[in-house]
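K.L.:
Mind looking at a prediction? Sequence and model below.
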Amino acid sequence: MNELIDAFDFQQAYTALSEVVASLFWIVLAIAAMEAVLYLLLMARQYDTRSSSIAIAIPLVVVALFLLFNNELTVDLLLQVIVILAVMAALLASIYWFIVRKRKDSKRLALTTMLLAPAVVGIAILYVYPLYYEFSLSFTKMNIRNFVDPGLFFGLTMEGTPLAPWGAEKDIFIGVQNYIDVFTGPVLKQTGFWQLLAQTLIWTVVCIFFHVTLGIGLALMLNRKLRGRTIYRALLILPWAIPVFISLQIWRTEYNFQFGAVNQVIGLFGIPPQQWLSDPYMNFLAMIITNIWLGVPFMMVITLGGLQSISQEYYEAAEIDGASGRHQFFGITLPLLRPVLVPAVLLGVFLTFNNINVPYFINQNELETSEILVSALYRAAFNFSRFGFAAAFAFVIFGILLAFTLWYVRQTKILKGSYES
Amino acid sequence: MAGQVQTMVDVRRERKDLGVWGRLTTPPGRGQDSPLKRALIHLVMIIATIIVVFPVIRVFSTSLRPGQNVLNPTLAIIPEGATLDAYWRVLTEYDLLNWLFNSLMVTVGTATLGLIIAATSAYGFSRYKFRGRGGGLTFLFATQLIPGIMLLVPIFIIYVQIGLVNSYQGLVFAYSVTAVPFSIWILKGYYDTIPYDLEEAAKIDGCTEFQAFYRVLLPLSLPALAIVFLLNFLAAWGEYFMARVLIGGREELLTWPLGVQRFQAQFQTQWADLSAASIIISIPIVLLFVYISKYLVSGLTLGGIKG
């Protein structure tokens, strides 16, 4: 027992704990300050002194605390705080402008604004601004040698700020060259965009096909009166429950040529051992097998939920009419599953198309034939440090998925119901 | 009642006349499966279960093997000279306890914060009509298309500039916010299935607008809240790439995926240690998952059915 206590480094844990608590504290405090301002602006119409003074005091206290705890108080930092406050104020003002003004039931809308504000600000900081920044970046040749802040105006400001001590060119704006390079030049060492695209398409289509068919099949069986159903279900969702990182480490170990289980199991059926980790075709197959194993439980659970919401009366009526099992499946089950399956398939496509974990961890020898678009994106950005190029590449990938989604949504009209409340 | 008993007897008499093959292939009653079909379903289920559970059992058996690199190709579940040494070694010789502690704090903190932000915003989206509502929902949906790595590039560069790299502040913020869009969609879908009359009634009884939300709606949405918490928890618990880029440089902040990666980073993989660590890490999360899984079906699907 003492050894266990010795193994746990309390000093280290204390450092980590205080950092987590501090960051949560700052986020909560910022939200509180924002809500206070909003309350002052929208709800406290009568301007009674107590609530107003509290509403003014909270943001001031937050700023004061921030400045107190940051021991290197510089003009730069002050400016940053002012800029952040100004941006927040502008955002809130625009919410107010778009939503609340001119409405009769403004009290309810004031509450809406207060409810939405944290999410809006958070998403603005972590989605909108980075996307905009990335868009600027995609017009520059920023990389580890030219580690230069491109400036804000879509990279059009010719004077960048060098971020690294080593010598860097200040003028890194290169126009649409990155976008041309994505389609013409190599993305990785040898592999180009079109090959990666083909690999990604095969990967997505094959995985989704097996996810859906196996998921529906297992769900149909689990939905029947069956002894031990709960045990089967609990065991079958295991791949979803185990952290992906762990299951991928496990699978990679089992693909080992010499002592991995996969080669031994196929050996029982008389198939010679395969080079799962170094042969390009076998590695791709290994990736697909692993991802099918990982993704079926999700489809199964979603389908099971859909099946349980189908009333039994339909089947009884069909049986009286003498419909066969196959007819019942295609006539009743599938059409009634549609509202559940259509969004689930779309979600599955996102998760598979953007799945970087499986290609990254199964692909031990860094075979370029086993990369899909997103894992190539990771290598381009963080292994080769071509940040400008990676930004352009990312927008191309995003565009492909967006085009598919628009087509899919138009075909199936799944989003329609979600906009009515 | 009497009629039912009569039919049961009838069915039984009929089944006797069917012969062996007929008895196997005829369903005993309406909506039930014939014995043969049931046996086939069990067979398929058992095969599927074996495929699912097999890798897990393999890890368990590897973790029991004595020594590190002496691996012989075998499929035996309990290896020769089985020992629990690897578990003890993993817990005492590595920083696994610290890694798990770090992960637990970050994950619980961010999943909770993300859930609070999403639960309130989803209420706004579900119950109020305002300008930009449809656009907002579309944007939230579109964020799901963005590859995580696509956001990581600019976030990394921005964090480098404002000095948030290698500290938890950036990571906690990023985890909390990335969880929000999907959570809002699930929760909004679930809120939509709960009639607004309930809140109206509460308001007539003297609740304010906000009280109606957290006294009436929130308790009713418990399944969806549990699911969203679980999914956010799972996503942050096993997250590797963002953690590696944003905090990978600081020893004392490593989360377990970054730590466990080291078992393989050396010359020879520490097979037994890796397996033992995997088991230790997976057990609590699997138990949590199985415990909440009764909510899984209703919480995930109800929102979708309406659409």
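P.N.:
Alright, I've got the coordinates. Treat the numbers as computed from the prediction; the structure is a model and nothing was measured.
K.L.:
which regions of chain A sit below the pLDDT cut-off?
P.N.:
Along chain A, the model assigns pLDDT under 70 to residues A:43-53, A:55, A:66-78, A:80-81, A:92, A:95-108, A:149-171, A:365, A:414-421.
K.L.:
Is the residue of it found nearest chain B in a helix, a strand, or coil?
P.N.:
Using CB to the nearest CB, the single residue of chain A nearest to chain B is residue A:305, 3.1 Å away. Backbone N, C-alpha and C define where each C-beta goes, glycine included. Following DSSP: H, G, I helix; E, B strand; the rest coil, residue A:305 is assigned to helix.
K.L.:
Residue A:340 is in contact with that one, correct?
P.N.:
Yes. Contact criterion CB atoms under 8 Å: residue A:305 and residue A:340 qualify, at 6.6 Å.
K.L.:
Tell me how many other residues crowd residue A:221.
P.N.:
20 (other CB atoms under 10 Å in any protein chain shown).
K.L.:
That one: which element?
P.N.:
Per DSSP states H and E, residue A:221 falls inside helix A:193-222.
K.L.:
ok, that helix near chain B or not?
P.N.:
Yes. On the criterion CB under 8 Å from any CB of the partner chain, helix A:193-222 is in touch with chain B at A:218, A:221-222.
K.L.:
what about the residue of chain A closest to chain B, distance to residue B:25?
P.N.:
31 Å (CB to CB, to the nearest Å).
K.L.:
So for these two, which sits in the more crowded spot?
P.N.:
Set side by side, residue A:305 and residue B:25 show more neighbours around residue A:305, with 22 against 12, by other CB under 10 Å.
K.L.:
can you tell me how far that one sits from residue B:207?
P.N.:
Taking CB to CB, one finds residue A:305 at 32 Å from residue B:207.
K.L.:
burial of residue A:380, as a residue count?
P.N.:
23.
K.L.:
and the residue nearest to it when sequence neighbours are not counted, what element?
P.N.:
Of all residues beyond its chain neighbours, the one nearest residue A:380 is residue A:390 (4.4 Å), with distances taken as CB to CB, 6 or more residues apart in numbering or on different chains. Residue A:390 is part of helix A:387-412 when elements are defined by DSSP H and E.
K.L.:
Output the contacting helices and strands for that helix.
P.N.:
helix A:129-137, helix A:177-184, helix A:193-222, helix A:334-353, helix A:373-378, helix B:148-162 (3 or more CB pairs under 8 Å, 6 or more residues apart in numbering or on different chains; DSSP states H and E).
K.L.:
buried set for the third one?
P.N.:
Burial within helix A:193-222, assessed by neighbour count using 16 or more other CB atoms under 10 Å in any protein chain shown, is assigned to A:193, A:195-197, A:199-200, A:203-204, A:206-208, A:210-212, A:214-222.
K.L.:
could you list every residue that touches residue A:142?
P.N.:
For residue A:142, the contacting residues are A:148, A:150, A:172, A:387-388, B:157, by CB atoms under 8 Å, 6 or more residues apart in numbering or on different chains.
K.L.:
Pick out the most distant pair among these.
P.N.:
Greatest spatial distance among these (CB to CB): A:172 and B:157, at 12.7 Å.
K.L.:
Show me what whichever helix or strand residue A:245 is part of is packed up against.
P.N.:
Following DSSP H and E, one finds residue A:245 within helix A:244-254. If you count contacts as 3+ CB pairs under 8 Å, 6+ apart, helix A:244-254 packs onto helix A:280-308, helix A:357-362, helix B:35-63, helix B:256-265, helix B:271-306.
K.L.:
Now do that helix against helix B:256-265, angle only.
P.N.:
20 degrees (axes from the mean of the first three to the mean of the last three CA atoms, to 10 degrees).
K.L.:
Would you mind listing the outside residues contacting helix A:244-254?
P.N.:
A:239, A:260-262, A:277, A:286, A:290, A:293-294, A:357-358, A:361-362, A:364, B:55-56, B:58-59, B:62, B:238, B:240, B:257, B:260, B:264, B:269, B:271, B:274, B:278, B:281-282.
K.L.:
After it, which helix or strand is next? Please name it.
P.N.:
Per DSSP H and E, the first helix or strand lying C-terminal to helix A:244-254 is helix A:261-268.
K.L.:
ok, and does that next one reach over to chain B?
P.N.:
Yes. Applying CB under 8 Å from any CB, one finds helix A:261-268 touching chain B at A:261, A:263-265.
K.L.:
Neighbour-wise, give me the winner out of these.
P.N.:
residue A:261 leads the residues of helix A:261-268 next to chain B on contacts (other CB under 10 Å) with 22 neighbours.
K.L.:
Could you point out which of the helices and strands packed on helix A:387-412 sits nearest residue B:211?
P.N.:
helix A:334-353 (32.8 Å).
K.L.:
and the closest one, is it in reach of chain B?
P.N.:
Yes. Judged by CB under 8 Å from any CB, helix A:334-353 and chain B are in contact via A:339-340, A:343-344, A:347, A:350.
K.L.:
what does that helix rub up against?
P.N.:
Counting by CB under 8 Å, 6+ apart, A:200, A:203-204, A:207-208, A:211-212, A:216, A:291, A:295, A:298-299, A:302-303, A:305-307, A:309-310, A:314, A:372-374, A:401, A:404-405, A:408-409, A:412, A:414, B:144-145, B:301, B:304-307 sit against helix A:334-353.
K.L.:
from those residues, which would you call buried?
P.N.:
A:200, A:203-204, A:207-208, A:211-212, A:216, A:291, A:295, A:298-299, A:302-303, A:305-307, A:309-310, A:372-374, A:401, A:404-405, A:409, A:412, A:414, B:144-145, B:301, B:304-305, B:307.
K.L.:
separation between residue B:203 and residue B:209?
P.N.:
Distance from residue B:203 to residue B:209, by CB to CB: 7 Å.
K.L.:
So between these two, which is more surrounded?
P.N.:
Applying other CB under 10 Å to residue B:203 and residue B:209 shows that residue B:209 carries more neighbours, namely 18 against 14.
K.L.:
No more questions from me, cheers.
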